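>>> Pasted the sequence and its predicted model underneath.
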Amino acid sequence: MADEHTLPDELRPGEEAGRPDDRIDDERHDEENRLKTSYVRSVVEALDAGDKGRVYDLVEPLHPADVADLFELVDADDRPRLASAITDLLSGEVIAELNDFVRDGMIEALPPETVAGIAEQLETDDAVQLIEDLDAADQAAVLAEMEPADRAAIESALAYPEETAGRLMSRAFVAVPEHMTVGDLIDYLRDTDRGDLPTDFWEVFVVDPAHKPVGTCQLSWILRTPRHIALADVMKRDQTLIPVTADQEEVGNMFQKYALISAAVVDESGRLVGQMTADDVVHIISEEAGEDVLLLSGAGDGDINEPIRDAYTARVRWLVANLATASVASFVISRFESVIAQMVALAVLMPIVAGIGGNAGTQTLAVTVRALATNQLTASNVWRAVRRELSIALLNGATVALVIGLAVGLIFGHPMLGAVIGMAMLTNIVIAGIAGVLVPLTLERLGADPAISSSIFVTMTTDSMGFLVFLGLAVASGLVG
C-alpha cells in the first residue's frame with residue numbers, strides 16, 4: 001500500500017475539497033452531520049454585524065452541499081446578505097445543491113450574466129434545472145449571455161417535456177466505434193489533448209456508424225483486458241436503453257429493476273444522445289417517493305421553503321374537495337335523524353366505524369399506489385391483488401369487529417348493539433379494502449394520477465358506507481324503531 005504522504009493532495013483519504021477529516025464532531029457539524037444551531041447563529045450574528053470577513057471565514061471550510069444547507073437554514077431576508085459576503089464561494093456545485101425554492105429566489109435576484117456564468121460551471125442537466133423555472137424573458141436573457149455550445153445544449157434539453165429523460169440526461173459521455181481494440185480505447189481516453197471527455201464516467205458506450213449504441217464496456221473490464229482484444233469481443237451487447245421521452249419515474253424503475261449504474265439515452269431514431277447515471281436517479285427516486293406521499297395528503301410540494309401563497313393554494317383546493325365529499329356522509333346521517341334520536345349511543349359509536357374504515361382504506365390505498373408507481377401492480381396481477389387485499393380486509397375486519405363488539409356489548413350492557421357495530425365494522429373494513437384497490441386502479445385506467453385524488457374517493461366511500469351500514473343494521477336488527 002502506498003504511503004499516504006506520497007499521494008497528491010487530491011488523492012489523500014480523509015480530505016474533500018480542501019476540508020480536513022473532521023466533518024463529524026467539529027465545531028460546525030453535530031453527530032448526525034447537520035450544521036449546528038450554534039454555528040448557524042454565529043454566521044447570522046456576523047451578518048448582522050456587517051462583518052463580511054468573519055462570514056467568509058466561517059463559511060469557507062464548508063463543503064458545497066453544506067453551504068447550500070446553510071442558505072436553507074437562514075431566514076429568507078438573510079440570504080442576499082450571505083450571498084454578497086461569500087460571492088466567490090457560490091460555485092455551480094452550491095447552486096446545484098440548493099433547495100428548488102431557495103435557488104429560484106436567489107437566481108431571480110441575480111443579473112443574467114451572473115446566472116449564465118454559474119450555469120456554465122454545471123453539467124447540462126444541472127444547468128437546465130437552474131434555468132427551466134425562469135420566466136421566458138429571464139430565460140432568454142440568461143441564454144443570450146452563455147457560450148454558443150452551452151446555450152445549444154441547454155436549449156436542446158429544454159425542448160423536451162419536464163421530468164423526462166431528455167430533460168434530465170447528461171450529454172457528457174464517452175462513445176467509441178466498435179472497430180477499436182482495448183488498447184486503442186485506453187490511448188483514446190488518455191489523450192491529454194482531448195477536452196471533450198467527461199470528468200467522471202463508469203462505462204464506455206460502443207456505437208455503430210449511425211451512432212446507435214450496440215454495446216457497453218465497464219471501465220473495470222477495459223482495465224483487466226489485454227490491449228489487443230477487440231471491443232466487439234469484450235463489450236456487453238445486451239444493454240438497457242432509455243428513450244428520451246421516458247418519464248423520470250419510469251427511468252427510476254428501470255435503474256432499480258436492472259441494478260444500473262448508468263444507461264444510454266436514445267432519441268426517436270435510436271441514436272445515442274445522452275446518459276442517465278445513478279446519482280441522477282437517486283434524486284429522482286427520492287423525489288418521486290416523496291411526491292406520492294404528499295399527493296396522497298394534499299400537502300402540495302410539502303417543502304418548508306415553499307411560499308405561503310403557493311402552499312395555501314395547493315392545500316385549500318384539497319380541503320374544499322374534501323368538504324364536498326364529506327357532505328355525502330352528512331347526507332347519509334341526515335336520513336337516519338329519527339333513528340339516532342331514539343338511541344344516543346349510535347351517535348357516539350358512528351365515528352368509530354367510519355374512522356377505522358378510513359384508516360383501513362388508507363393502508364390499502366398506500367400499498368396500491370406504491371405498487372402502481374413501482375410497476376409491481378399491472379394488468380397481469382390485478383385480480384390477484386384484489387383477492388389478496390380482500391383476504392387481509394376480512395381478517396382485519398373480523399379481528400376488529402370481535403374486539404369492538406365485545407367492548408360495546410359490555411360497556412353499554414347491550415349485546416345487540418355490540419353485534420350491530422361488530423357487523424358494521426367488518427363490512428366497512430371489507431369495503432375499505434376493496435375501495436383502496438379499485439379506486440386508484442380505476443383512476444389510472446382513466447389517465448389520472450391515482451396519488452392525487454384516490455384518498456378523497458376512498459374516504460368518502462368509507463365514511464358514507466360506514467354510517468349507512470351501521471345505522472341501517474341498527475334499524476334492520478330492530479335495535480331502534
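Thanks, I have it.
>>> helices or strands up against the host helix or strand of Asp104?
With elements taken from DSSP states H and E, the one containing Asp104 is helix 100-109. Helices and strands touching helix 100-109, as assessed by 3 or more Cβ pairs under 8 Å, 6 or more residues apart in numbering; DSSP states H and E, comprise helix 64-73, helix 79-85, helix 92-97, helix 124-131. All C-beta spots, glycine's among them, are computed from the backbone N, C-alpha and C.
>>> So Thr325 sits against Thr462, correct?
No - if you go by Cβ atoms under 8 Å, Thr325 and Thr462 don't touch, sitting 10.8 Å apart.
>>> Neighbour count: these two, which is higher?
Thr462 (28 against 17; other Cβ atoms under 10 Å).
>>> Work out the gap between the helix holding Asp104 and the centre of the chain.
Distance, stretch centre to chain centre, for helix 100-109: 20 Å (Cα atoms, centre = their mean, to the nearest Å).
>>> and what of stretch 90-98?
Using Cα atoms, centre = their mean, we find the averaged C-alpha position of stretch 90-98 to lie 20 Å away from the chain's own average C-alpha position.
>>> Contacts for that stretch, please.
64-65, 67-69, 71-72, 83, 103, 106-107, 118-122, 126, 129-130 (Cβ atoms under 8 Å, 6 or more residues apart in numbering).
>>> can you do 7 Å?
If you take Cβ atoms under 7 Å, 6 or more residues apart in numbering as the criterion, stretch 90-98 is touched by 64-65, 67-68, 71, 83, 103, 118, 121-122, 126, 130.
>>> One more: stretch 132-150?
Contacts to stretch 132-150, defined as Cβ under 7 Å, 6+ apart, come from residues 104, 107, 112-113, 115-116, 119-120, 131, 151, 154-155, 158.
>>> in the stretch 51-200 of the chain, which ranges drop under the pLDDT threshold?
Counting by pLDDT under 70, the stretch 51-200 of the chain contains low-confidence ranges at 192-195.
>>> follow-up on the earlier one: between the helices and strands packed on helix 100-109, which gets nearest to Asn428?
Closest of those to Asn428 is helix 64-73, at 43.8 Å (criterion: Cβ to Cβ).
>>> tell me which residues in that closest one are buried?
By 16 or more other Cβ atoms under 10 Å, the buried positions in helix 64-73 come out as 64, 66-73.
>>> repeat for stretch 393-409
Of all the residues in stretch 393-409, those buried under the rule 16+ other Cβ under 10 Å are 393, 396-397, 400-401, 404-405, 408-409.
>>> Between all of those residues, which two are separated the most?
Of all pairs drawn from the buried residues of stretch 393-409, the one with the largest separation by Cβ to Cβ is Ala393 and Gly409; the distance is 23.2 Å.
>>> in which helix or strand would I find the most centrally placed residue in the chain?
The central residue of the chain, meaning the one whose C-alpha is nearest the mean C-alpha position (Cα atoms, centre = their mean), is Glu287 at 1.1 Å. Per DSSP H and E: Glu287 is located in helix 278-297.
>>> Following element in sequence after that helix, please.
Assigned by DSSP H and E, the successor of helix 278-297 is helix 308-334.
>>> Determine the set of other helices and strands touching the helix or strand following that next one.
Moving toward the C-terminus from helix 308-334, the first helix or strand encountered (DSSP H and E) is helix 337-342. Counting contacts by 3 or more Cβ pairs under 7 Å, 6 or more residues apart in numbering; DSSP states H and E, the secondary-structure elements packed against helix 337-342 are helix 344-373, helix 450-476.
>>> Would you mind finding the most buried of those?
Each of those was scored by mean neighbour count; the highest is helix 450-476, a mean of 22, by mean count of other Cβ atoms under 10 Å.
>>> and that one with helix 308-334, angle?
Interaxial angle of helix 450-476 relative to helix 308-334 (axes from the mean of the first three to the mean of the last three Cα atoms, to 10 degrees): 20 degrees.
>>> who touches Leu479 in this structure?
Shown in contact with Leu479 (Cβ under 7 Å, 6+ apart): 343, 416-417, 420.
>>> Turn the residues you listed into TSV, including neighbour count.
Rendered in TSV, the data for these read as follows (neighbours: other Cβ atoms under 10 Å):
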residue	neighbour count
Met343	17
Met416	13
Leu417	22
Val420	28
